[in-house]
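1. make a model of this:
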Amino acid sequence: MLFKRLNRSDAERVFCVFQANAAGIAADDVVGLELTAASVDGTKIIQPASGGLFATVGIADAAIANGGFGLVQIYGYRSTSRVIQTGTSLTAGCVLGPVAAADYLQSQATVPIGYLPAFVLLESASSAPGADSTTSKKIFIRAMTALFALACTL
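-> Sure thing, here's the model as predicted:
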């Protein structure tokens, strides 16, 4: 783990090193642990998989080549992200969550009981004109604490 130096002028951030187990992981992609039995080792990441959204670990800080290692932000303020914009406006403070087989976050209408939201939108997003599109928004990541809270409830 890499903890950003603590000071009063910058928000705290925490990163972990993971290995890409898929091609095309770009900066700001939402990533989760690889759950394929032959590849599970706790270090490999892919796009969040259907049925495995609780294994989401954070946001890729920079592009990671397939088989390469890179930083994933698991906690703290992030000034860039990928959030899907649909026909509705999003208000600051709304809960965001991963989407199966996608590299972005979307608003979550309901949050499972006992689950600490892993991603929170920090600025409003107005409705997108026309077709759905992704936009970069400021978010707060609590994937580190959300995974810990989930582990404590099992």
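
2. CA atoms of the lengthiest strand in the chain as CSV?
-> Longest strand in the chain, counting residues (DSSP state E): strand 69-78. The C-alpha coordinates for strand 69-78 follow below in CSV (Å, rounded to 0.1, in the frame of the first residue of the first chain):
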residue,chain,number,x,y,z
PHE,A,69,1.5,-3.8,-12.5
GLY,A,70,0.0,-0.4,-11.6
LEU,A,71,-1.5,1.7,-8.9
VAL,A,72,-5.2,1.6,-8.0
GLN,A,73,-6.7,4.2,-5.7
ILE,A,74,-8.7,2.5,-3.0
TYR,A,75,-9.4,5.5,-0.7
GLY,A,76,-9.7,9.2,-0.7
TYR,A,77,-10.5,12.2,-2.9
ARG,A,78,-10.1,11.8,-6.7
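
3. neighbouring strands - and their directions - for that strand?
-> Strands adjacent to strand 69-78 in the sheet, as given by DSSP bridges, are strand 13-20 (antiparallel), strand 56-60 (antiparallel), strand 139-141 (antiparallel).

4. how far off centre is the shortest one?
-> So the one you mean is strand 139-141. 8 Å (C-alpha atoms, centre = their mean, to the nearest Å).

5. give me the residues contacting that strand.
-> 58-59, 73-78, 81, 83, 96, 105, 118-122 (C-beta atoms under 8 Å, 6 or more residues apart in numbering). Yep, even glycine has a C-beta here, placed from its N, CA and C like the rest.

6. got a PyMOL select line for the buried ones in the residues you listed?
-> Listed next is the PyMOL selection for buried residues among these, using 16 or more other C-beta atoms under 10 Å:
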select buried, resi 58+59+73+74+75+76+78+81+83+96+105+118+119+121
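
7. and stretch 2-11, how far apart are its ends?
-> Terminal residues of stretch 2-11 are spaced 14 Å apart (C-alpha to C-alpha, to the nearest Å).

8. average pLDDT for that stretch, rounded please.
-> Mean pLDDT, computed over stretch 2-11, is 77.

9. with stretch 104-111 instead?
-> Here the average pLDDT along stretch 104-111 is 79.
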